[in-house]
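Asks: After the sequence you'll find the predicted model.
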Amino acid sequence: MKFRIKAEDLAIDLGTSSIKVFKKEDGVIINEPSVLVLDHQNRQIKAIGQEAKDMIGKTPDEIIIQRPIEKGVISDFNLTEAMLNYYFQQINPGFSLLQARAVVCVPSGITDIEQRAVEDAALHAGSRDVIMVDESLASCFGIGLSPEDPRGILVINLGAGNSEVCVVSLNGIVASKTLKIGGDDIDKNIQTFLKENKKIEIGLNTAEKIKKEILSLRIKDKNLSMDVEGRDLSDAKPKRIKLKSEEIAACLSEFADSLVEMIYLVLEKTPPELSSDIKNDGFILTGGMAKVKGLGEYIEKKINLKSKISENPELDAIKGAGLIMENPDRFLKYQSR
């Protein structure tokens, strides 16, 4: 068994759809789906991560697929601990005299009980100390901004389980609203649309692929199309259809309008001194859903503010958590120790 004096510190983004882990000097070394495959009889873990996600919709009855994180919070403590322990052992195999310290991203709307569950899971999995950081705040660090400055930053964080709109200043959340709808719900909207209008049933992985490839709110993208395979609801035979972007735009538009309403509610609660900063700087669009075609432009047009988005918005939070891990004093200078 490998032995070391001190394990490498880690930053973790424990999301509904994926778990990401950042290691000093190596950057993001793990980016895997937050999915496990279990034996129904004895609940032994058979697969974790991408291997488990690839099995969705294909397993026999005695095998169950579980997501231990739902809507950004822990739904199964033991499975979350097991998943964290699995990845911790990959990064720091063997025995360490001094365990790793972990910086963990959490949603801004998380309750004290939910936050405690995340902290306990990380500690039980092998961390010696846990620093909790709001994922929208971490995203600001990750995108290259300075959220510790006395300047207002409007962040729209679009994840798989929920969506957040918040104003950040001095390393804290000044105003925020959370919508318990995210990318997973859009996938389900696409499934429902195809059932009701095309009489074809598809799996969640196929719905996610449709969302990434052709779902758009841009008029110029209306003719984007792809072949979709599924099960014919009339005779249960395999069926293939050609699906166009304009047909499924409604699966996203209601969600986009809800985001705009949330933004206005947050702006109403924002101090005037910070409102002028937001007027000048616009807003940050971050999270996995930020890359959906036309969503940023739609919000820009509705609220008359410009947007900023990184090349890989789904990695903003974990990169920011990595920066905090390397320099926690920068994050903690306005926080109670």
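Replies: Right, received. Where do you want to start?
Asks: mind saving the C-alpha coords of the helix or strand hosting Ala321 as PDB?
Replies: Using DSSP states H and E, Ala321 sits within helix 316-326. Extracted in PDB, the C-alpha atoms of helix 316-326 (Å, rounded to 0.1, in the frame of the first residue of the first chain):
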ATOM      1  CA  ASP A 316     -16.000  27.900 -14.400                       C
ATOM      2  CA  ALA A 317     -17.000  26.800 -10.800                       C
ATOM      3  CA  ILE A 318     -14.400  24.100 -10.500                       C
ATOM      4  CA  LYS A 319     -11.700  26.300 -11.800                       C
ATOM      5  CA  GLY A 320     -12.700  29.000  -9.400                       C
ATOM      6  CA  ALA A 321     -12.800  26.500  -6.500                       C
ATOM      7  CA  GLY A 322      -9.300  25.400  -7.500                       C
ATOM      8  CA  LEU A 323      -8.000  29.000  -7.200                       C
ATOM      9  CA  ILE A 324      -9.700  29.300  -3.800                       C
ATOM     10  CA  MET A 325      -8.000  26.000  -2.800                       C
ATOM     11  CA  GLU A 326      -4.600  27.400  -3.700                       C
END
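Asks: just how off-centre is that helix within its chain?
Replies: Averaging C-alpha positions (CA atoms, centre = their mean, to the nearest Å) puts helix 316-326 15 Å from its chain's average.
Asks: ok but Gly296 is inside a strand, no?
Replies: No - the assignment for Gly296 (DSSP: H, G, I helix; E, B strand; the rest coil) gives helix, which keeps it out of a strand.
Asks: who touches the host helix or strand of Phe331?
Replies: Secondary structure from DSSP H and E places Phe331 in helix 328-332. Contact with helix 328-332 is made by Val103, Ile131, Val133, Phe141, Glu148, Asn171, Leu323, Ile324, as judged by CB atoms under 8 Å, 6 or more residues apart in numbering. C-beta coordinates here come from the backbone N, C-alpha and C atoms, glycine included.
Asks: do the same with stretch 79-86
Replies: With CB under 8 Å, 6+ apart, stretch 79-86 has contacts from 12, 14, 19, 34, 36, 38, 45, 48, 66, 68-69, 74, 117-118, 121-122, 124-126.
Asks: quick check: mean pLDDT across that stretch?
Replies: Average pLDDT, stretch 79-86: 88.
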